[in-house]
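Asker: Sequence and predicted structure below; questions after.
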Amino acid sequence: MASTRATAQERELLDAARGGDEDAYGRLVEPYRGELHAHCYRMLGSVHDAEDALQDTLLRAWRGLARFEGRSSLRSWLYTIATNTCLNQIAQRPKRVLPIDYGPATDPHDAPGEPLVESVWVEPYPDESLGLEDGFAAPEARYERRESVELAFIAALQHLPATQRAVLILREVLGFSAREVAETLDTTVASVNSALQRARAAVEERAPERSQQATLRALGDEAVRELVDRYVDAWERCDVDAVAAMLAEDATFAMPPLATWYRGREEIAIWMAGWPLSGAWRWRTVSVRANGQPALGFYSWDPEAEAYLPFALNVLTLRGAKISDVTAFVARSTDEPDPEVYSRWPEQPADPRRLRATFERFDLPDRLGRTV
């Protein structure tokens, strides 16, 4: 897939960078920064970890630039470093998941429980603000670039053994040849093909039959906007029946960092009536996109601040014209060990790191006024 021919400008920048010119090096790798970040996110399921892996990758590439002989393209060489950097990270930490993969659904009559450690959960991805492109990365790719950052796909990837994960991403998302992947992973073409076969089967078993990109195209932009607007209106009116009517019968509602999640339209309605839509809190939203999907920044009214303050980034997954899954990445925290505190979570202060992951990275405002 990758051409080994460098442009005249790239060769000039490469020569200067080898001579110690840091500015030339920055210009040399800048065109690849966004796609490498997306690659690290697919591998690790975390924007925070992807940022660390990308910085480590670029540092390793800078230090090893003298050893780059040009037998492969600069892009392929950078992907080799990034992939192996991610493999090293994966070996040192637990895999990231969504709450629905962590444990069974919660009784809808029960209040939300306590949060788990942050490193357990998949994080939302700001694909638009990071400049992820539409379409396929290469003619040989099987998954579109935005399709390959959808929540369900990312969650499915995290269940693969690390090498299988790398093989599937390099082959099916980025379109590298089996030979190139074998060189990247220091293995054989036969091993790559075997790993790809197993990875395909595992991902197809976990991922939905239809991607969100295909669903959104089938609905059309206007229908998607209308659906999201109705959902927002129902939440702001605390209309449990209206929200429930928009959910698929087997819908799920999860709230990382809580392991708590609810399954089923009727069960979710019971939980909503008892907690978020009980009338105890007032809500406002700002529309955004995350993981190539419709998303909403949810804000709850704070009487002391006299403003709506960030609460959660809700990523919506659609199945036809219904909402099949809501993943609400909550930005609040508490130092209280009492699980009952979480039944009044909108009244707790923001957690700086979660706030950055859910609102700042998506360029969402830090508050909304009374009239919004």
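Answerer: Yep, that arrived.

Asker: Need the mean per-residue confidence for the top strand by length along the chain.
Answerer: Longest strand in the chain, counting residues (DSSP state E): strand 307-319. Averaging pLDDT along strand 307-319 gives 98.

Asker: roughly how far is that strand from the heart of the chain?
Answerer: 14 Å (Cα atoms, centre = their mean, to the nearest Å).

Asker: same check, this time on stretch 270-287
Answerer: For stretch 270-287, the distance to the chain centre is 24 Å (Cα atoms, centre = their mean).

Asker: which helices and strands sit right next to the longest strand of the chain?
Answerer: Applying 3 or more Cβ pairs under 8 Å, 6 or more residues apart in numbering; DSSP states H and E, one finds that strand 307-319 makes contact with helix 151-158, helix 212-219, helix 221-236, strand 283-290, strand 293-302, strand 322-330, helix 352-358. No exception for glycine: its C-beta is placed from N, CA and C like everyone else's.

Asker: got the angle for it vs helix 151-158?
Answerer: Strand 307-319 runs at 80 degrees relative to helix 151-158, counting by axes from the mean of the first three to the mean of the last three Cα atoms, to 10 degrees.

Asker: how about the CA coordinates for strand 307-319, as CSV?
Answerer: C-alpha atoms of strand 307-319 as CSV (Å, rounded to 0.1, in the frame of the first residue of the first chain):
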residue,chain,number,x,y,z
ALA,A,307,-25.6,28.7,35.2
TYR,A,308,-25.9,25.3,33.6
LEU,A,309,-22.6,23.5,34.3
PRO,A,310,-21.1,20.5,32.4
PHE,A,311,-22.4,17.1,33.5
ALA,A,312,-21.9,14.4,30.8
LEU,A,313,-21.1,13.9,27.2
ASN,A,314,-23.8,11.6,25.9
VAL,A,315,-22.9,9.6,22.7
LEU,A,316,-25.9,8.3,20.9
THR,A,317,-25.9,5.1,18.9
LEU,A,318,-28.8,4.7,16.4
ARG,A,319,-30.5,1.6,15.0
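
Asker: how many neighbours does Glu304 have?
Answerer: 6 (other Cβ atoms under 10 Å).

Asker: and if you look at Asn84?
Answerer: Neighbours around Asn84, by other Cβ under 10 Å: 16.

Asker: The one 10 residues further on too?
Answerer: For Pro94, the count of nearby residues is 10 (other Cβ under 10 Å).

Asker: cool, Pro303 as well?
Answerer: 8.

Asker: heads up, I number from 47, so please use that
Answerer: In the new numbering, first residue 47, that becomes Pro349.

Asker: do you know how far it is from Gln135?
Answerer: 43 Å (Cβ to Cβ, to the nearest Å).

Asker: Ile200 too?
Answerer: 15 Å.

Asker: Please say which of these two ends up with more neighbours.
Answerer: More crowded of Ile200 and Gln135, by other Cβ under 10 Å: Ile200, with 24 against 19.

Asker: and the gap between Ser218 and Ala245?
Answerer: Small correction: residue 218 is Glu, not Ser. For Glu218, the distance to Ala245 - Cβ to Cβ - is 8 Å.

Asker: between the two, which one's more packed in?
Answerer: Ala245 (23 against 19).

Asker: quick one: buried residues of whichever strand or helix holds that one?
Answerer: Here Ala245, judged by DSSP states H and E, is contained in helix 235-252. Judged by neighbour count (16 or more other Cβ atoms under 10 Å), helix 235-252 contains these buried residues: Val238, Ala241, Leu242, Ala245, Arg246, Ala248, Val249.

Asker: Same check on stretch 196-209?
Answerer: Glu196, Leu197, Ala198, Phe199, Ile200, Ala201, Ala202, Leu203, Gln204, Leu206, Ala208, Thr209.

Asker: With respect to Thr404, which of these is nearest?
Answerer: Leu197 (13.6 Å; Cβ to Cβ).

Asker: which non-adjacent residue is nearest Leu359?
Answerer: Spatial nearest neighbour of Leu359, excluding adjacent residues (Cβ to Cβ, 6 or more residues apart in numbering): Thr404 at 4.0 Å.

Asker: residues in contact with that neighbour?
Answerer: Contacts of Thr404 were listed using Cβ atoms under 8 Å, 6 or more residues apart in numbering, and they are Pro170, Gly343, Pro356, Ala358, Leu359, Phe375, Val376, Ala377.

Asker: repeat for Leu104
Answerer: So Leu104 contacts Val75, Arg79 (Cβ under 8 Å, 6+ apart).

Asker: ok, 6 Å please
Answerer: Going by Cβ atoms under 6 Å, 6 or more residues apart in numbering, Leu104 touches Val75.

Asker: Phi, psi for it please.
Answerer: The phi and psi values for Leu104, taken as degrees, to the nearest 10, are phi -70, psi -30.

Asker: That one and Ala157, how far apart?
Answerer: Taken as Cβ to Cβ, the span from Leu104 to Ala157 is 45 Å.

Asker: Glu56 too?
Answerer: Taking Cβ to Cβ, one finds Glu56 at 57 Å from Ala157.

Asker: now swap in Ala248 and tell me
Answerer: Distance from Ala248 to Ala157, by Cβ to Cβ: 35 Å.

Asker: same question, Gln259
Answerer: 36 Å.

Asker: Kindly report the same for Gly415.
Answerer: Gly415 is 30 Å from Ala157, by Cβ to Cβ.

Asker: what's the answer for Pro170, then?
Answerer: 24 Å.

Asker: Mind checking which of those two has more residues around it?
Answerer: Taking neighbours as other Cβ under 10 Å, Pro170 and Ala157 compare with Pro170 leading, 26 against 17.
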